[in-house]
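>>> make a model of this:
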Amino acid sequence: MRAVALTLVLTVSFQTLLFSQTILAPGEQPQMSIDSEGIIRVVYGQGDKIFYVHSKNNGSTFSKPAIIAELKGMHLGMTRGPQIASSKDFTLVTAMDTEGNIYSFIMDHKTSIWAEAGRVNDKNGSAPEGLMSITADENNKFFAVWLDLRNDRKNNICVASFENKKWSPNKFAYVSEEDHVCECCKPSITTKGKTVSIMFRNWLKGSRDLYVTTSADGGKTFSEAKKLGNGTWPLKGCPMDGGGISIDSKSQTHTAWQRDGVVYYAKPGHQEEKVGDGRHVALHGNLISWENGSELIMKRIDNDSQKIGEGTALELAELKDKSVLAVWEKDDQIVFKKL
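This is a model prediction of the structure:
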């Protein structure tokens, strides 16, 4: 009996340790980036305020939350909220309001001071869906992608770049042959070298499938969009699930998404692989994450999946020591832990 009791205590203690996390601050929808020096930077929202924290000790502790800005009517929740990307010398944050405008803020790593960086969309009120992503290259150039309905009130895939303290004129990377793309799934963007790749959920012939379009010239032009995976998903409603895309050190592109409650991984042009069941899929480098009910799941592309905890809006980053930092939202709190 004592042995059974001891085993039970050890099992409960192990599970408590495994799924324990540290509260960072009240907030919603965290996003994370890591710069070339290994500094971890996290942004999140609370009401109309954009908050920022950072860690210089590999995610063991974080700085006191600081307010970047206050944006009246800021989109927040269901993958909507402040976005962050870090280059060699700068960190950029974007946020969208319910009027349909995208605002940006930049921090010089030398001064750690935030400043306004201008409005991203150059057509007033063109982005009311509040769904966008940003990324940065190795040379202090940033890219943004979002759902934009400036053309006949139909949502399509719009992009812009930020360099030398200004945003480029907006342009469409993809315009649907059937008027518009899926109107409530967040597009993803990633870059390496001159390559810029965008993944988005399309809506063609009644099916809401994931597509990729790629630029080989630093975002000047984009290729014909190609469908991912083998199956298709006829759907009248919107799944609110855009998936994720990344480019590895060998310049190979990876994608992850869900179709009808099944999570898939694929390289563009290759057969899809089922990795689990769930939704709210994201891809962070070679780390796939998704939600199965309230459970948060992580899987390395080449390894088994594991439960991280419970909550929503999971962000992951593989650190230089090969450990993984997880940041997510639970009960209106931002929490984190190292794995």
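
>>> next structured bit after the helix or strand of the chain with the lowest mean pLDDT?
When each helix and strand of the chain is scored by mean pLDDT, DSSP states H and E, helix 2-19 comes last, with a mean of 39. Using DSSP states H and E, the helix or strand that follows helix 2-19 towards the C-terminus is strand 22-26.

>>> list the strands paired with that following strand, with their directions.
According to DSSP bridges, strand 22-26 has the following sheet partners: strand 333-338 (antiparallel).

>>> show me how far the partner strand is from its chain's centre.
The chain centroid and the centroid of strand 333-338 are separated by 17 Å under Cα atoms, centre = their mean, to the nearest Å.

>>> now do stretch 71-82
So, by Cα atoms, centre = their mean, the centroid of stretch 71-82 is 13 Å from its chain's centroid.

>>> what's the spacing between A117 and L204?
For A117, the distance to L204 equals 35 Å [Cβ to Cβ, to the nearest Å]. Every C-beta, even on glycine, is put in place using the N, C-alpha and C of the backbone.

>>> again with T22
Per Cβ to Cβ, T22 is found 44 Å from L204.

>>> so for these two, which sits in the more crowded spot?
For T22 versus L204, neighbours defined as other Cβ atoms under 10 Å are more numerous around L204 (16 against 12).

>>> right, and that one touches H180 too?
No - shown here, L204 and H180 do not form a contact pair, counting by Cβ atoms under 8 Å, at 10.3 Å.

>>> any stretches of the stretch 101-250 of the chain with poor pLDDT?
Along the stretch 101-250 of the chain, the model assigns pLDDT under 70 to no residue.

>>> do I have it right that Y211 meets S188?
No - assessed by Cβ under 8 Å, Y211 is found out of contact with S188, at 11.3 Å.

>>> overlap of the contact sets of those two?
Each of M199, F200 lies in contact with both Y211 and S188 under the rule Cβ atoms under 8 Å, 6 or more residues apart in numbering.

>>> of the two, who's got more company?
Remark: of Y211 and S188, S188 carries more neighbours, 26 against 22, as counted by other Cβ under 10 Å.

>>> tell me the contacts of the more buried one?
Under the criterion of Cβ under 8 Å, 6+ apart, the neighbours of S188 are S133, V145, I198, M199, F200, G242, G243, G244, I245, L283.

>>> quick check: bridge partners of it?
Beta-bridge partners recorded for S188 (DSSP bridges): M199.

>>> separation between it and Q258?
Taken as Cβ to Cβ, the span from S188 to Q258 is 13 Å.

>>> same check on H54?
Noted for H54: a distance of 31 Å to Q258, by Cβ to Cβ.

>>> and the two? Which one has more around it.
A direct count of neighbours by other Cβ under 10 Å for H54 and Q258 places Q258 higher, at 23 against 18.

>>> contacting residues for that one?
By Cβ under 8 Å, 6+ apart, Q258 lies in contact with P239, D241, G243, Y264, G278, R279, H280, V281, W290.

>>> okay, and it sits in which element?
Per DSSP H and E, Q258 falls inside strand 253-259.

>>> what of F172?
Secondary structure from DSSP H and E places F172 in strand 171-174.

>>> can you check E138 too?
E138 belongs to no helix or strand, assigned by DSSP H and E.

>>> what's the closest non-adjacent residue to it?
Computed as Cβ to Cβ, 6 or more residues apart in numbering, the closest residue to E138 that is not its neighbour in sequence is K88, at 6.5 Å.

>>> buried ones in stretch 79-89, by neighbour count?
For stretch 79-89, the neighbour count (16 or more other Cβ atoms under 10 Å) marks T79, R80, G81, P82, Q83, I84, A85, S86, S87 as buried.

>>> can you check stretch 225-239 too?
Residues of stretch 225-239 classed as buried under the neighbour-count rule (16+ other Cβ under 10 Å) are A225, L228, G229, W233, L235, P239.

>>> tell me the average confidence for stretch 69-89?
Averaged across stretch 69-89, pLDDT comes to 97.

>>> then stretch 33-42?
Mean pLDDT, stretch 33-42: 95.

>>> list the contacts for A216?
So A216 contacts K194, T195, S223 (Cβ under 8 Å, 6+ apart).

>>> check which helix or strand covers the last one.
To tie it back to what came earlier, the one meant is S223. Assessed by DSSP H and E, S223 sits outside every helix and strand.

>>> what is the neighbour count of it?
Residues near S223, counting by other Cβ under 10 Å, number 13.

>>> ok, it touching Y211?
No - assessed by Cβ under 8 Å, S223 is found out of contact with Y211, at 10.8 Å.

>>> ok so, going back, out of the contacts of Q258, which is nearest to T253?
Proximity of the contacts of Q258 to T253 (Cβ to Cβ) peaks at G243, which lies at 12.7 Å.
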